[in-house]
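Chemist: Pasting the sequence and the predicted coordinates here, then a few questions.
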Amino acid sequence: MKKDIDVASRHITQAGGNVFADLGFSAVEAQALHADSQSKIAHTLALKEQLMTEIGLWIIHQNLRQSDAAKVLQVSRPRVSDVVNKKTDKFTLDALILMLRLAGKQVKLVVE
């Protein structure tokens, strides 16, 4: 049984909106916080895409079918497809790093 959301007592920030403004931060501070969060999200997505590219290249260089790669990476074949198609929302950085390690790749993290 699905219940409707009680919108009278809850506020919903629209997609593309600024949750910080909705929380009552000043316009300037809300904009700065929103910009910072968007930058962090973009950075994380770029890292995920880089790791996914490396996994895809490994599959190509090893001349593997997705089902064979799935066995090595200890995931299902559809998960390999999601990596190859760079569906970043379906993976954490940890999961992608683990896959690369299982593929025999060394992953280094540099903090500056």
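Modeler: That came through fine. This structure is a prediction, so every number in the text was calculated from the model and none was measured. Numbering: from 1, shown residues only.
Chemist: Which parts of the chain are helices?
Modeler: 19-22, 27-61, 66-73, 77-84, 93-102 (DSSP state H).
Chemist: Just want the angle from the last one to helix 27-61.
Modeler: This means helix 93-102. Calculated by axes from the mean of the first three to the mean of the last three Cα atoms, to 10 degrees, helix 93-102 forms an angle of 20 degrees with helix 27-61.
Chemist: so which of the helices of the chain comes closest to D4?
Modeler: helix 19-22 (21.0 Å; Cβ to Cβ). Any C-beta I mention is one placed from the backbone N, CA and C, and that applies to glycine too.
Chemist: Packing partners of the closest one?
Modeler: Packed against helix 19-22 by the contact rule (3 or more Cβ pairs under 8 Å, 6 or more residues apart in numbering; DSSP states H and E) you find helix 27-61.
Chemist: returning to what we had before: CSV please, covering the helices of the chain and showing mean pLDDT.
Modeler: Formatted as CSV, the helices of the chain follow (pLDDT from 0 to 100):
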stretch, mean pLDDT
helix 19-22, 86
helix 27-61, 94
helix 66-73, 97
helix 77-84, 97
helix 93-102, 97
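Chemist: Kindly reformat those as CSV containing mean neighbour count and distance to D4.
Modeler: Converted to CSV, the helices of the chain look like this (neighbours: other Cβ atoms under 10 Å; distance: least, Cβ to Cβ, whole Å):
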stretch, mean neighbour count, distance to D4
helix 19-22, 16, 21
helix 27-61, 14, 29
helix 66-73, 17, 40
helix 77-84, 18, 32
helix 93-102, 16, 34
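Chemist: Nearest to T13, out of those?
Modeler: Nearest to T13, of all the helices of the chain, is helix 19-22, at 4.6 Å by Cβ to Cβ.
Chemist: distance between that closest one and the chain's centre?
Modeler: Centroid displacement of helix 19-22 relative to its chain, using Cα atoms, centre = their mean, to the nearest Å, is 23 Å.
Chemist: okay, now G17: neighbour count?
Modeler: 11 (other Cβ atoms under 10 Å).
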